[in-house]
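Asker: One predicted model, sequence on top.
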Amino acid sequence: MVEIIGLGVILLALLGQIWSQTKRIEKLEWNNWQLSAENEKLKNQLTSLTTKD
C-alpha cells in the first residue's frame, strides 16, 4: 500500500514537471513567433532602405 502511495506521489510530481515544461515550451514558441515577425519587419525595412536608389 505504501508503495502505491509512493508511486502516486512520483506520478503527480512527474505530471507537474510535464505541465511546467509544456507551459515553458508554449512561452518559448510565442516568443519565437514574435521575434520572427519582428525579424520579417526589419528585413522589409532594410530592403526598402537599400532599394530606394
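Answerer: Sure thing, it's come through. All values derive from a computational prediction rather than experimental measurement. Residues are numbered from 1 along each chain as shown.
Asker: What strand or helix carries Gln52?
Answerer: No Gln there; residue 52 is Lys. For Lys52, there is no helix or strand it lies in under DSSP states H and E.
Asker: what's around it, how many residues?
Answerer: Using other C-beta atoms under 10 Å, Lys52 is surrounded by 6 other residues. For the C-beta atoms, the positions are set from N, CA and C on the backbone; glycine is no exception.
Asker: now it: how far from Gln45?
Answerer: Plainly put, Lys52 is 11 Å away from Gln45 if you go by C-beta to C-beta, to the nearest Å.
Asker: Show me the helices in the chain, by range?
Answerer: For the chain, the helices defined by DSSP state H cover 2-50.
Asker: what sits against the residue most central in space within it?
Answerer: Taking C-alpha atoms, centre = their mean, the centroid of the chain lies closest to Leu28, which sits 2.2 Å from it. Residues counted as contacts of Leu28 (C-beta atoms under 8 Å, 6 or more residues apart in numbering): none.
Asker: Find me the pLDDT at it, would you?
Answerer: Leu28 carries a pLDDT value of 98.
Asker: again with Lys52
Answerer: On pLDDT, Lys52 comes in at 72.
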